[in-house]
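Enquirer: Sharing a model prediction with you, sequence too.
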Amino acid sequence: MKTIGLLGGMSWESTELYYRLINEGINAHLGGLHSARIAMVSVDFQEIEEMQHVGEWASAGQVLAQAAKQVEAAGADFLLICTNTMHKAAPQVQEAISIPILHLADTTAERIKAAGMKTIGLLGTRFTMEEDFYKGRLVEKHELDVLVPSKSDREIVHRVIYDELCVGQVKNESRDEFLRIIEELRDRGAEGIIEGCTEIVMLVQQQHTDVPLFDTTSIHAEEAVLEAIK
């Protein structure tokens, strides 16, 4: 079994999901008392969040690159960056290490294409929804048509992620807003929705809507399990 590297803490709530899902996945495949071999470094999200919101992406990337070196030194065979937004720094992180990054956007895109879908809605932080490091990768590398909410709805999604989900708050009224936004994306032609922030699954699961959801946390974790045992 390969050792899975996790670069976590952004937020710790979603990293907790990664840890549980990966261990459950390894046990489901191997049985008995098997659990995952994991090397993890968890960063201080307050530090990262402050850098994000003043545009100091290179500095945030340097923090992640240093943490990734620690993960590699601990014996990881490949790395997961356990957050959608900080995949903005994936090239900077990859330059700092010799082990490969299992890119979250790529694993998600492959699931979407396997489902026969072409037009997809994207929810996430403002950075993920508006910048090309994630949306552009889906479009250019995977030839998907990506729809994002209106500017006012992007602000709602961003606020709920940072002010509520990242501090462990799950509110029914926020779920209602997300479901409204999902329906509007479907009306515009979205065949499914990428839950493009690792915390969104805390708020909206498939049981809440008949629009197909692509939970990036679960997809990333499942692909990590397959990579570890192949």
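Expert: Structure received. Residues are numbered from 1 along each chain as shown.
Enquirer: For the chain, just list every one of the helices.
Expert: Taking DSSP state H to define them, one finds helices in the chain at 12-30, 45-53, 57-73, 90-96, 104-114, 126-130, 135-140, 151-163, 172-187, 216-229.
Enquirer: Identify the residues contacting the spatially most central residue of the chain.
Expert: By Cα atoms, centre = their mean, the chain has its centre lying nearest to residue 84, at 3.6 Å. Listed by Cβ atoms under 8 Å, 6 or more residues apart in numbering, the contact set of residue 84 reads 104, 105, 124, 125, 128, 134, 196, 197, 198, 216. (C-beta placed from N, C-alpha, C; glycine too.)
Enquirer: backbone phi and psi for the fourth one, please?
Expert: The phi/psi pair for residue 125 (degrees, to the nearest 10) reads phi -70, psi 160.
Enquirer: Same question for the third one.
Expert: For residue 124, the backbone dihedrals are phi 180, psi -160 (criterion: degrees, to the nearest 10).
Enquirer: re earlier: closest to residue 1 out of the helices of the chain?
Expert: Closest approach to residue 1 among the helices of the chain is made by helix 216-229 (5.5 Å; Cβ to Cβ).
Enquirer: For that closest one, buried residues please.
Expert: 216, 217, 218, 219, 220, 221, 222, 223, 224, 225, 227, 228 (16 or more other Cβ atoms under 10 Å).
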